[in-house]
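> Would you be able to build a 3D model of this:
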Amino acid sequence: MKRCMFIVFAMLINQAGAEQATQRNETLLFSVADEGQIIAWYKHYIVRTYEKIGFDVDFELIPTGREGVEAEKGYVDGLTIRVSLAELSFPHFKRVPVPLSRGELSMYCQHGVKCTREVLMTRNVTVGVVSGSNASTYYMKDKAARLYHVKNGEVLAELLHKKRIDYIISIDSPDFGNYSFIEQNTYPKVELLKIEAYHYLHQKHQDLLPKVTLALEEAIKEIGPLPIEQLRQNSN
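Below is the predicted model of the structure:
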């Protein structure tokens, strides 16, 4: 009798364990182009969004120079945040229609040099940009100026601060200030283009778009805006 009860008890435990295993959330993998503080804050939005609809989330750093290639292979389930200007480079990804950020693509100039859009049509001008398929490189496709590619915004700012280059292109936003943490009143600048940034899902998950859209809106309201002052202090 005791043996029978033990067997039944063991079967119940195994069944419960099997049910718990089957109830584990599926994990989705999203690419991030850098590991800076700004991107880290947007990751909070994404994690909260997918928790709401029953998914776990993991992130993998794929530099912007490789992100397009890896993404189009179907290696990742989505792009954490990308500027919509560059989305033609990712035809297999669907935009989640909730703006994560709005701002301007801006050109920053050294003091004493000509600071107008026209300089970008000059062949002997070199402009610093973050490498990869992004707003800066997309905007510069039909311009004559040479591009100097760097891996992230911090290196871009260093080029300007140390006077290694006369021009860089970066992003300004009321959400986080300047992407490269350049004080916006420190250098002459010219606005090039209005831009918006979104979260993207691979088309194989497009059935999730309605749920993700609602969950992302809720996550942004719950977590709140980026703490601009804290980000600036941490960057110093």
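> so how far is residue 116 from the residue nearest the centre of the chain?
For the chain, residue 81 is the residue whose C-alpha lies nearest the centre (Cα atoms, centre = their mean; 3.0 Å). Per Cβ to Cβ, to the nearest Å, residue 81 is found 30 Å from residue 116. Just so you know, the C-beta spots here come from the backbone N, C-alpha and C atoms, and that holds for glycine as well.
> got it, and residue 165?
Separation of residue 165 from residue 116 (Cβ to Cβ): 17 Å.
> Between the two, point out the one with more neighbours.
residue 165 (17 against 10; other Cβ atoms under 10 Å).
> check contacts around that one.
110, 126-128, 148, 159 (Cβ atoms under 8 Å, 6 or more residues apart in numbering).
> hmm, try it at 10 Å
Residues in contact with residue 165, defined by Cβ atoms under 10 Å, 6 or more residues apart in numbering, are 110, 125-128, 148, 150, 156, 158-159.
> Quick check: the farthest pair among those residues?
Maximum pairwise distance in these, criterion Cβ to Cβ, is 19.4 Å, between 125 and 158.
> between the two, which one's more packed in?
residue 125 (18 against 15).
> tell me the contacts of that one?
113-114, 118-119, 143-146, 165-167.
> Drop anything exposed from these.
Applying 16 or more other Cβ atoms under 10 Å to the contacts of residue 125, the neighbour count classes 119, 143, 145, 165-167 as buried.
> Which of these fall within helices?
Judged by DSSP state H, helices contain none of the buried ones among the contacts of residue 125.
> Out of those residues, which comes closest to residue 60?
residue 165 (30.5 Å).
> so how far is residue 37 from that closest one?
Taken as Cβ to Cβ, the span from residue 165 to residue 37 is 24 Å.
> And for residue 139?
Residue 139 is 24 Å from residue 37, by Cβ to Cβ.
> ok, those two, which is more surrounded?
Taking neighbours as other Cβ under 10 Å, residue 139 and residue 37 compare with residue 139 leading, 20 against 16.
> hang on, the more buried one in a helix?
Yes. Membership of residue 139 in a helix is supported by DSSP: H, G, I helix; E, B strand; the rest coil.
> For it, list the residues it contacts.
Residue 139 neighbours (Cβ under 10 Å, 6+ apart): 83, 85-86, 105, 107, 120, 129, 169, 192-193, 195.
> Past the lowest-mean-pLDDT helix or strand in the chain, which element shows up next along the chain?
The weakest-scoring helix or strand in the chain, judged by mean pLDDT, DSSP states H and E, is helix 2-22 (a mean of 47). Counting by DSSP states H and E, the next helix or strand C-terminal to helix 2-22 is strand 26-32.
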